[in-house]
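1. I'll drop the sequence and a predicted model, then ask my questions.
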Amino acid sequence: MHWYFERDGQRMRWEIRREAGGTGYELVLTPPDGPEAVERFDHAAALIERTLLFQQSLIDDGWRSPHAPRDPGE
């Protein structure tokens, strides 16, 4: 599953996938100005915790889903 976040005309891709061989999970981040970064997790609970923290940090930094409702003040 993947999502996109946008800020100031830039786009970041964020993907969650099963690790090759199906033994764990990967959180894959592709920023607009850098190489892909992969974080690996053995347990779904750790992946979910990291995902929620990462999502909140994106929102705090001004990144938004292109499908999220816009703030009328923007």
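-> In hand now; what should we look at? Numbers count the residues shown, from 1 in each chain.

2. same for the longest strand seen in the chain, what does it pack against?
-> In the chain, with assignment by DSSP state E, the single longest strand is strand 10-18. Here strand 10-18 touches strand 2-7, strand 25-30, helix 44-60, going by 3 or more Cβ pairs under 8 Å, 6 or more residues apart in numbering; DSSP states H and E. All C-beta spots, glycine's among them, are computed from the backbone N, C-alpha and C.

3. Please point out which parts of that strand sit buried.
-> Neighbour-count burial for strand 10-18, counted by 16 or more other Cβ atoms under 10 Å, picks out Met12, Trp14, Ile16.

4. same question, stretch 21-41
-> Buried positions in stretch 21-41, judged by neighbour count with 16+ other Cβ under 10 Å: Tyr25, Leu27, Leu29, Thr30, Phe41.

5. now those residues in a markdown table, with pLDDT and distance to Phe54?
-> Compiled in a markdown table, these are given as follows (pLDDT from 0 to 100; distance: Cβ to Cβ, whole Å):
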| residue | pLDDT | distance to Phe54 |
| --- | --- | --- |
| Tyr25 | 96 | 13 |
| Leu27 | 94 | 7 |
| Leu29 | 93 | 8 |
| Thr30 | 94 | 13 |
| Phe41 | 96 | 12 |
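
6. Looking at the residues you listed, spot the one nearest Tyr4.
-> Thr30 (9.6 Å; Cβ to Cβ).

7. Please give me every residue in contact with that closest one.
-> Met12, Arg13, Trp14, Glu15, Glu36, Ala37 (Cβ atoms under 8 Å, 6 or more residues apart in numbering).

8. Then Gly62?
-> Arg7, Asp8.
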